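K.L.:
model this:
(chains A and B)
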Amino acid sequence: MQDLGAAFRLALTLVISADRDLVEILLLSLRVSLTAVAIGLLIGLPLGTALGISRFPGRGLVLVVLNGLMGLPPVVVGLFVYLFLSNAGPFGWLQLLYTPTAMIIAQTILIAPIIAALSRQVTEDLHTEYAELFRSLCVPVHRAVGTLLWDARYGLLTVALAGFGRAVAEVGAVIIVGGNINHLTRVMTTAIALETSKGELGLALALGLVLMGLALTVNALVMGLRGTAARLSYA
Amino acid sequence: MLEARVASAIVPVAGELSPSLPVEARGLVLEVAGQHLIDHIDLTITAGTITVLMGPNGAGKSLLLRLLHGLIEPTSGTVLWGGRTLDGSLRQRQALVFQRPVLLRRSVAANIAFVLGLRGISDPTRCLEILRGVDLEGHARQPARLLSGGEQQRLALARALALGPEVLLLDEPTASLDPASVAAIEGIVRRAHEGGTKILFVTHDIGQARRLAGDVVFLNRGRLVEHSPARGFFTEPVSREAQEYLAGRLVL
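P.N.:
Next comes the predicted model:
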């Protein structure tokens, strides 16, 4: 077992020398996960907000299912996407298996429910406050959704962050539908899994440190933004 | 000067619309968990005066206001505005100011722009004009929620008046404000009244009722106890409850 110090030094060397392979893997990780977050937001935010402000029979059941979907196991999602995209599957003709697009699809399926469920909570709280005003002003539903999304935007940043954290850290789905192909679909987590299985624990640990650094940086940026918003009483 | 500005900021509603007054409540009942929170209220409120809804806490003042505005549905009975049941188009000609101002988490100006936007009006100059009417022009770009309590309520009032409502309903808008803020709010309400807006004002503050009221609707325990012109009400209240309330005794 190589020691942590050596792993730190290796991680630093890789980062400082801007190792080309590392940069490539890092950029693909970011591209896949950020795209998945963006699509997940497009799907999850309107859905979550609509759920947050509507009351209908069976709503409780929908919420239970939605909250349950937050815990989707990545490998299961990977498997389903694999089945759909493989040559024998209904979308095999798209030839998407083992491409970054397949990875984006899998991660989007993983995080859209998370974004919907968490944004439902955020917007529902805000709607409790705005509901009578909206009724008094006869605000149409689509406008109410837009207003809630806009006014809750800083709270929703944290929701997006939760989605990003889940996407960038998961390995099960991307390894099944992406295949961890060097220079094509290798991302941080699949690279770490590979190096670990090869016994290159030092390199694996170094990659892990870089991944954590990335996650911390993104978190710090978002939290900084949120703090500013809170001081302005917008959050 | 200020009055002229407010008047210019209030847009009169098109004249062809059928009148939305008088407002009539017929056999209005609101029952929650077996309790009659509003208990068979029959009431007619006509145009032209500041009508003050008064009574002790729990009398049903705020509930009655919400029932009239259609925010809650009565268990039985009807509310008619100008002889018609309330619908969206009628409610759009009214505006409600809450006891605790509900301000959007946006700038002061954006709060005004929001309601103007609901009617498809996008006019920053008009926003500033409306804010000037309540002396908040200098705060236009500030976050609305960082205003003081009195300023927040003035903003809520400006927002309510921005679309030139025919009826302005206020639910204890000055309940937790200092005297200077109360005076400012009452001034704005009075000017809206002089501009032709019908005012329905809920308060449990007798002094405030004396200052504002043209007629008084006195409620106790969900029932309408008395509805009379202000002058008569304050000098010779008919009902025992109103007499005791005005004398400062606890009404039970």
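K.L.:
Using PDB, list the CA coordinates for the helix or strand harbouring A:Thr190.
P.N.:
Per DSSP states H and E, A:Thr190 falls inside helix A:188-197. The C-alpha trace of helix A:188-197 is given here as PDB (Å, rounded to 0.1, in the frame of the first residue of the first chain):
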ATOM      1  CA  MET A 188     -12.400  10.500 -13.600                       C
ATOM      2  CA  THR A 189     -14.400   7.900 -11.800                       C
ATOM      3  CA  THR A 190     -13.900   5.100 -14.400                       C
ATOM      4  CA  ALA A 191     -10.200   5.900 -14.500                       C
ATOM      5  CA  ILE A 192      -9.900   5.600 -10.700                       C
ATOM      6  CA  ALA A 193     -11.800   2.300 -10.900                       C
ATOM      7  CA  LEU A 194      -9.400   1.000 -13.600                       C
ATOM      8  CA  GLU A 195      -6.200   2.100 -11.900                       C
ATOM      9  CA  THR A 196      -7.400   0.600  -8.600                       C
ATOM     10  CA  SER A 197      -8.100  -2.800 -10.300                       C
END
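K.L.:
quick one: average confidence on that helix?
P.N.:
Averaged over helix A:188-197, pLDDT sits at 94.
K.L.:
In it, which residues are buried?
P.N.:
By 16 or more other CB atoms under 10 Å in any protein chain shown, the buried positions in helix A:188-197 come out as A:188-195. The way it works is simple: take the backbone N, C-alpha and C, and place the C-beta from them, glycine included.
K.L.:
Tell me, what's the model's pLDDT at A:Gly60?
P.N.:
For A:Gly60, pLDDT reads 95.
K.L.:
so after the helix holding A:Thr190, what's the next helix or strand?
P.N.:
In N-to-C order, the element after helix A:188-197 by DSSP H and E is helix A:201-231.
K.L.:
Can you give me every residue that contacts residue 97?
P.N.:
Because you didn't say which chain, this covers chain A. A:82, A:85-87, A:177, A:179 (CB atoms under 8 Å, 6 or more residues apart in numbering or on different chains).
K.L.:
The intended chain is chain B.
P.N.:
By CB under 8 Å, 6+ apart, the neighbours of B:Val97 are B:153, B:156-157, B:160, B:168-171, B:173.
K.L.:
what pairs with it across the strands?
P.N.:
Residues in a beta bridge with B:Val97, per DSSP bridges, are B:Leu170.
K.L.:
Distance check, it against B:Ala209.
P.N.:
B:Val97 sits 17 Å away from B:Ala209, going by CB to CB, to the nearest Å.
K.L.:
what do you get for B:Ser122?
P.N.:
If you measure B:Ser122 against B:Ala209 using CB to CB, the figure is 39 Å.
K.L.:
what's downstream of the one helix or strand A:Val23 maps to, the next helix or strand?
P.N.:
Here A:Val23, judged by DSSP H and E, is contained in helix A:20-53. Sequence order places helix A:59-69 as the next helix or strand after helix A:20-53, per DSSP H and E.
K.L.:
Which is the succeeding secondary structure element to that next one?
P.N.:
In N-to-C order, the element after helix A:59-69 by DSSP H and E is helix A:74-85.
K.L.:
just checking, what packs against the least confident helix or strand in chain A by mean pLDDT?
P.N.:
Lowest on mean pLDDT, DSSP states H and E among the helices and strands of chain A sits helix A:4-16, with a mean of 83. Secondary-structure packing of helix A:4-16 (3 or more CB pairs under 8 Å, 6 or more residues apart in numbering or on different chains; DSSP states H and E): helix A:201-231.
K.L.:
quick one, the helix it packs on and helix A:20-53 angle?
P.N.:
Here helix A:201-231 points in a direction 40 degrees away from that of helix A:20-53 (axes from the mean of the first three to the mean of the last three CA atoms, to 10 degrees).
K.L.:
going on from the longest helix seen in chain A, what's the next piece of helix or strand?
P.N.:
Counting by DSSP state H, the longest helix found in chain A is helix A:100-137. Note on helix A:100-137: by DSSP H and E, the next helix or strand toward the C-terminus is helix A:141-151.
K.L.:
just how off-centre is the helix or strand just after that following helix within its chain?
P.N.:
Using DSSP H and E, the helix or strand that follows helix A:141-151 in sequence is helix A:153-169. Centre-to-centre, helix A:153-169 and its host chain are 6 Å apart (CA atoms, centre = their mean, to the nearest Å).
K.L.:
cool, and stretch B:211-228?
P.N.:
So, by CA atoms, centre = their mean, the centroid of stretch B:211-228 is 14 Å from its chain's centroid.
K.L.:
what about chain A, any weak spots by pLDDT?
P.N.:
Residue ranges of chain A with pLDDT under 70: A:1-2, A:233-235.
K.L.:
roughly how far apart are the residue of it most remote from its centre and B:Leu65?
P.N.:
In terms of distance from the mean C-alpha position of chain A, A:Ser136 ranks first, at 37.4 Å (CA atoms, centre = their mean). Applying CB to CB, the value for A:Ser136 to B:Leu65 is 11 Å.
K.L.:
next one: B:Gly83
P.N.:
20 Å.
K.L.:
These two: which is more packed in?
P.N.:
Taking neighbours as other CB atoms under 10 Å in any protein chain shown, B:Gly83 and B:Leu65 compare with B:Leu65 leading, 21 against 11.
K.L.:
Could you double-check that the more buried one lies in contact with B:Leu169?
P.N.:
Yes: at 5.4 Å, B:Leu65 and B:Leu169 qualify as touching, with contact defined as CB atoms under 8 Å.
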